[in-house]
Every structure is written in C-alpha cells, then in structure tokens.
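Colleague: quick one, what's the 3D model for this:
(one chain, ligands or ions: 1)
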Amino acid sequence: MKFEKKMIDIIKRTYDVKSFRFHRPEGFDYKPGQYILVSLTVEGNVMTKAFSLSSSPTEKDHIEFTKKLTGHPFSNALDNMKIGDRAVISGPFGKMTFEGEYAKIALLSGGIGITPMISICKYCTDLHLDADIVLIYSNKTENDLAFMKELDEMMHNSNNLKIVYTLTRASESWTGCRERISENMIVSEIPDYMERRFYICGAPDMVKSMEEMLTAMKIPKDMVKKEALSGY
Ligand SMILES: Cc1cc2nc3c(=O)[nH]c(=O)nc-3n(C[C@H](O)[C@H](O)[C@H](O)COP(=O)(O)OP(=O)(O)OC[C@H]3O[C@@H](n4cnc5c(N)ncnc54)[C@H](O)[C@@H]3O)c2cc1C
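Modeller: Below you'll find the predicted structure:
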C-alpha cells in the first residue's frame, strides 16, 4: 500500500531520536516488527529510507516511526518537518514479526534497533498475550535510552515481559549491566534461552556479532530472526 499523509505528531525520545506520527490509513494492516519506506523531497530530489514501525497494530489511529537523527540531508529534512507537512509512505515490509506464535521469545536490540521491539512488546502487552518475552536493550549511555519510560510501563503492567538494560559507557551511578550483550549475559538473564526464539535488531555490525554469538551458543539458525538497519 502506498499513501501520502500529513504528520500529526512529533515526539522527542532522546537528544538525537525523534518519533513521527501519521494518521493510519484505512486498510493499512501490518504486523509488529515490520517496516515502511518513507519518501521525502530533499533538496529537490525524492529520497526514500526504510524505518521499522515503532507503533503497534493495536494502535488504530496512528502509525509511528522513529529516527536516529544523523545530521545528514534526509535526517535534517525530516527533523525540519512540522505537523501538517506530508510524507509518502509505502509498506508494510519485512519478516521479523511476532504475533504470539511462539511461547517464549528473546529480543536482542542495539540502539535504534529498539523500534521493531517496541512494536512487538506493545502489541503483546496491549493484547495480554501469554507469550513470555525477555528484551535485552543495549546502548552507550543513559542519554541514549529511547523509550525507557514506555518499556518500564509495559514491564510494570505485564507478568510476561522482562527488560534488561545494558550500557557500554554508563555513568558511575548506573546500577544495571555495563557490557555489550554477551553469552554470559544471556545465560544469566535468560536461563531458558534454549527454549526461545531469538529476534535481533540493530546496526549491521551488531546483528552480525549477535548471530555469531548465538551460533557459538549452539542455537539453531532457524530459531533466529533478524533485521539489520542497513544504511548505518
Ligand atoms: C529494514 C530497516 C529498518 C530501519 N529502521 C530504522 C529505524 O527504525 N530508525 C532509524 O533511525 N533507522 C532505521 N533504518 C536505517 C534508515 O533507513 C537510515 O539508513 C538511517 O536512519 C540513516 O539515514 P540518514 O539519512 O540519517 O543517514 P545517511 O545519509 O544514509 O548516512 C548513513 C551513513 O552515514 C554514516 N552514519 C550515519 N549515522 C551513523 C551512526 N549513527 N553510526 C554510524 N554511522 C553512521 C554511515 O557511514 C552510513 O553509511 C532502517 C533500515 C532498514 C533497512
């Protein structure tokens, strides 16, 4: 489906991450974890980029995507948009989806790779699905933690959602994990990891290293779904 819509809301998530909302067109169905293509006219040329939906299909009125702002031309054009400005959107695309089909899943997310995981977690908590979810969310610093409030709220309202935040360059006051997602972390935070389907999302390097780690842990490839946010 391809449509042109006005932006209806802009939400600042961190110092360099913003969410952009549009009315959800009638008939636009998607699965949690899917992505869209967003086209903008930048300096006279149409530019198109992929963005995972950070909204959940349970949110009927709007769709949302979330961009890490980079200072590059497309990013600046998006950042300069105002409510009422239009974008051309097509989709949905992508196979890294979850609608409750597995009893237990583990989500490994790096940085802005949190966007499809937000959609999955929101969908499962909104519908009170039985699926048991552990999300490990890695960032550099406290300031990079987009969606922490929303995730904590979901965790608070659900018995089936556990979230582990880890920061590789945390301040001294941080009491949580302080390393990259590692085999040790998975064994200690997700003791039943062999029973879970894994979902990985982040920059291509992160996705590759997580895949290699899971292979070394003897997790079969067909237990792993992934989305590399290529373009970074
Ligand atoms: C399926 C899919 C889903 C995606 N979902 C999202 C999403 O939800 N949110 C999102 O922000 N992006 C997402 N992306 C990436 C997005 O499409 C853009 O490529 C990205 O946001 C950068 O676009 P840009 O125009 O700001 O930078 P560009 O001008 O495209 O610059 C990218 C280039 O700049 C460098 N660069 C820019 N930023 C960084 C950085 N932070 N770290 C290292 N190098 C950098 C790299 O050399 C890279 O080649 C997704 C990509 C795919 C394929």
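
Colleague: all contacts plus neighbour counts: C-alpha atoms, from now on.
Modeller: Noted.

Colleague: contacts only, for residue 105.
Modeller: Each residue near residue 105 by CA atoms under 8 Å, 6 or more residues apart in numbering is listed here: 131, 132, 133, 134, 196, 197, 198, 199.

Colleague: check contacts around residue 205.
Modeller: Contacts for residue 205 (CA under 8 Å, 6+ apart) come out as none.

Colleague: looking at this, it is in a strand?
Modeller: No. Using DSSP: H, G, I helix; E, B strand; the rest coil, the assignment for residue 205 is helix, not a strand.

Colleague: show me what from the protein comes close to the ligand.
Modeller: 35, 49-52, 66-70, 72, 74-75, 112, 115, 229-232 (CA under 6 Å from any ligand atom).

Colleague: give me the buried subset of the residues you listed.
Modeller: Buried members of the residues of the chain next to the ligand, scored by 16 or more other CA atoms under 10 Å, are 35, 50, 51, 52, 66, 67, 68, 69, 74, 112, 115, 229.

Colleague: max pairwise distance over those residues: which two?
Modeller: By the measure CA to CA, these have their two most distant members at 74 and 115, which lie 18.7 Å apart.

Colleague: quick one: distance of the helix or strand where residue 75 lies to the chain centre.
Modeller: Taking DSSP states H and E as the definition, residue 75 sits inside helix 73-79. Taking CA atoms, centre = their mean, to the nearest Å, one finds the center of helix 73-79 at 20 Å from the center of the full chain.

Colleague: tell me what that helix is packed against?
Modeller: If you count contacts as 3 or more CA pairs under 8 Å, 6 or more residues apart in numbering; DSSP states H and E, helix 73-79 packs onto strand 35-42.

Colleague: how many residues are close by residue 145?
Modeller: Residue 145: 22 surrounding residues under other CA atoms under 10 Å.

Colleague: contact partners of the biggest strand by length in the chain?
Modeller: In the chain, with assignment by DSSP state E, the single longest strand is strand 2-14. Residues outside strand 2-14 that contact it (CA under 8 Å, 6+ apart): 18-23, 25, 82-91, 143-147.

Colleague: and the next helix or strand past it?
Modeller: Next along from strand 2-14, by DSSP H and E: strand 17-23.

Colleague: parallel or antiparallel, list what pairs with that following strand.
Modeller: strand 2-14 (antiparallel), strand 62-68 (antiparallel) (DSSP bridges).

Colleague: quick check: residue 162 touching residue 125?
Modeller: No. Counting by CA atoms under 8 Å, residue 162 does not reach residue 125; the two are 11.7 Å apart.

Colleague: picking that back up, which of the contacts of residue 105 fall in strands?
Modeller: Mapping these onto strands (DSSP E) picks out 132, 133, 134, 197, 198, 199.

Colleague: buried among those? Need that as a selection in PyMOL.
Modeller: Buried subset of these, written as a PyMOL selection, criterion 16+ other CA under 10 Å:
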select buried, resi 132+133+134+197+198+199
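
Colleague: go through the ones in strands among the contacts of residue 105 and name the one nearest residue 188.
Modeller: Within the ones in strands among the contacts of residue 105, distances to residue 188 taken as CA to CA reach their minimum at residue 134, with 12.1 Å.

Colleague: do you know how far the closest one is from residue 83?
Modeller: From residue 134 across to residue 83, the span is 35 Å (CA to CA, to the nearest Å).

Colleague: which residues of the protein fall in strands?
Modeller: 2-14, 17-23, 35-42, 45-52, 62-68, 86-93, 104-110, 132-139, 161-167, 197-202, 224-228.
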